[in-house]
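*Asks:* sequence plus predicted model, see below.
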Protein chains: 2
Amino acid sequence: MNPIFHALFQKSRYLTNCLNEVLKQHNLYSSQWTILYCLHSNGPMTLTQIWKYLNVEAPSITRAITRLETLGWVLRIDGEDKREKIVTLSPYAEENLPAITKTILAFEEEMVGTLTVEEQQQFLILLEKMKG
Amino acid sequence: MNPIFHALFQKSRYLTNCLNEVLKQHNLYSSQWTILYCLHSNGPMTLTQIWKYLNVEAPSITRAITRLETLGWVLRIDGEDKREKIVTLSPYAEENLPAITKTILAFEEEMVGTLTVEEQQQFLILLEKMKG
DNA sequence: CCAATTTATTTACCTAGCTAAATAAATACT
DNA sequence: AGTATTTATTTAGCTAGGTAAATAAATTGG
């Protein structure tokens, strides 16, 4: 297999595992945090908005939101269009997000800080240049 | 989240899905193919050799090998050390691997061919430079 | 206005990774 | 030799992604 694929998949797995490790202190998994951050940035969103934004399929988000709701991080509210559910951060989430964000920023700095800003830009350009 | 992470995870998911799509014609999933290719390159291997080589945990490989064995792609043979199982490609696998390899090479060319050789090297260097 | 189609969400079930703990064989220690 | 530790594999159970199909509400067309 082309070493690029192997290296890319491997780094992706590795970074996900590291992120999970670091988020343990906040009782969160990386994908849960991704959703919380998404809601923090964009405000209340429907499930469809979330999965389209994060580029995953709907059932993944349904499940993740169900867990986040059970754990008290988010609330599901019926929309005017009664097919849709609007998801909002709970007060608990709002309260805890700053500390989590701090953890994440430190993690990102640790992982990506080994690259200069130019290298980071170059990396993104090359990633985008791969077909897709 | 740092856009590098988002982009990396997303591309990784995307490429895996594409690879699965392309491998459907051979009735294989990408991770199954990874193991077949590993055995093709290295010859018979124990489970431990496989998971260390592929950089995943042992249970993932146990399950994958069980499926590959059921499907007739590989054989599990007891080693001299009776704790270990040695995995080999079946004749069926040997017979079909060339066609699959052809499919994979075309896929890789399609995906990565948008980068020059220098860009591919640069990409690998940057990936490695991220902590890990 | 009602049937057909579309859209939003959910359910069921699959691969694929992970950790923790169980088993069984080999090795090391005293 | 007999116990303790290590090593290889497996099992159980978790997150996280995917597809296909079910459900329910909204929209469209005749």
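*Replies:* That came through, no problem. Numbers count the residues shown, from 1 in each chain, chains lettered A, B, ... in the order given.

*Asks:* phi, psi for the closest residue to DNA strand D within chain A please.
*Replies:* Per C-beta to the nearest atom of the strand, A:Tyr29 is where chain A lies closest to DNA strand D, at 2.8 Å. Glycine gets a C-beta too; all of them are placed from N, C-alpha and C. Phi and psi for A:Tyr29, reported as degrees, to the nearest 10, are phi -100, psi 160.

*Asks:* A:Met130 too?
*Replies:* The phi/psi pair for A:Met130 (degrees, to the nearest 10) reads phi -70, psi 140.

*Asks:* distance of it relative to B:Gln120?
*Replies:* Applying C-beta to C-beta, to the nearest Å, the value for A:Met130 to B:Gln120 is 9 Å.

*Asks:* what is in contact with the two at once?
*Replies:* B:Val112 (C-beta atoms under 8 Å, 6 or more residues apart in numbering or on different chains).

*Asks:* higher neighbour count, the two?
*Replies:* A:Met130 (20 against 17; other C-beta atoms under 10 Å in any protein chain shown).

*Asks:* thinking that one is in contact with B:Glu110, fair?
*Replies:* No - using C-beta atoms under 8 Å, A:Met130 is not in contact with B:Glu110; the gap is 10.1 Å.

*Asks:* does the residue positioned nearest the centre of chain A lie in a helix or a strand, and which?
*Replies:* Among the residues of chain A, the one closest to the centroid is A:Thr34, at 1.7 Å (C-alpha atoms, centre = their mean). Assessed by DSSP states H and E, A:Thr34 sits inside helix A:30-42.

*Asks:* what about that helix, near chain B?
*Replies:* Yes - for helix A:30-42 and chain B, the contact criterion (C-beta under 8 Å from any C-beta of the partner chain) is met by A:34, A:37.

*Asks:* what's that helix packed up against?
*Replies:* Helix A:30-42 makes packing contacts with helix A:3-23, helix A:47-54, helix A:58-70, strand A:74-78, strand A:85-89, helix A:91-112 when contacts are defined by 3 or more C-beta pairs under 8 Å, 6 or more residues apart in numbering or on different chains; DSSP states H and E.

*Asks:* residues from chain A in reach of DNA strand C?
*Replies:* Contact residues (C-beta under 7 Å from any atom of the strand) of chain A with DNA strand C: A:13, A:17, A:46-48, A:58-59, A:62-63, A:65-66, A:76, A:79, A:81, A:83-86.
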